[in-house]
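A.B. asks: Please work out how this folds:
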Amino acid sequence: MAAHFEVRHQPAEGYHFVLIATNGQVIATSQHYETHRSCLNGIDSVKRNADAPIQDTTGSSEKST
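C.D. replies: Coordinates of the predicted model:
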């Protein structure tokens, strides 16, 4: 199965989405949204902007391998 978004609802907190990797692990979690529609808009925004450069503000000098 390909990676996918899953919309979740918590009555006291509203809607949020998670991005689930092909191995079934959650790799990203969104903020909470008041409405289902705004949650879907959040997913659309991530899809449009996912090809973005990394901005590392940690000051770490470690290099990835």
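
A.B. asks: Any chance of the backbone angles for the closest residue to Gly42 other than its chain neighbours?
C.D. replies: Once flanking residues are discounted, Gly42 sits nearest to Ser30: 5.5 Å by CB to CB, 6 or more residues apart in numbering. C-beta here means a position set from N, CA and C on the backbone, and glycine is covered the same way. The phi and psi values for Ser30, taken as degrees, to the nearest 10, are phi -90, psi 180.

A.B. asks: Burial check on Ala3, number of neighbours?
C.D. replies: Ala3 has 13 neighbouring residues, counting by other CB atoms under 10 Å.

A.B. asks: which residues does the residue nearest the centre of the chain contact?
C.D. replies: With distances taken as CA atoms, centre = their mean, the residue of the chain nearest its centroid is Ala28 (4.0 Å). Ala28 makes contacts with Val18, Leu19, Val46, as judged by CB atoms under 8 Å, 6 or more residues apart in numbering.

A.B. asks: Name the SS class of Ala28, please.
C.D. replies: strand (DSSP: H, G, I helix; E, B strand; the rest coil).
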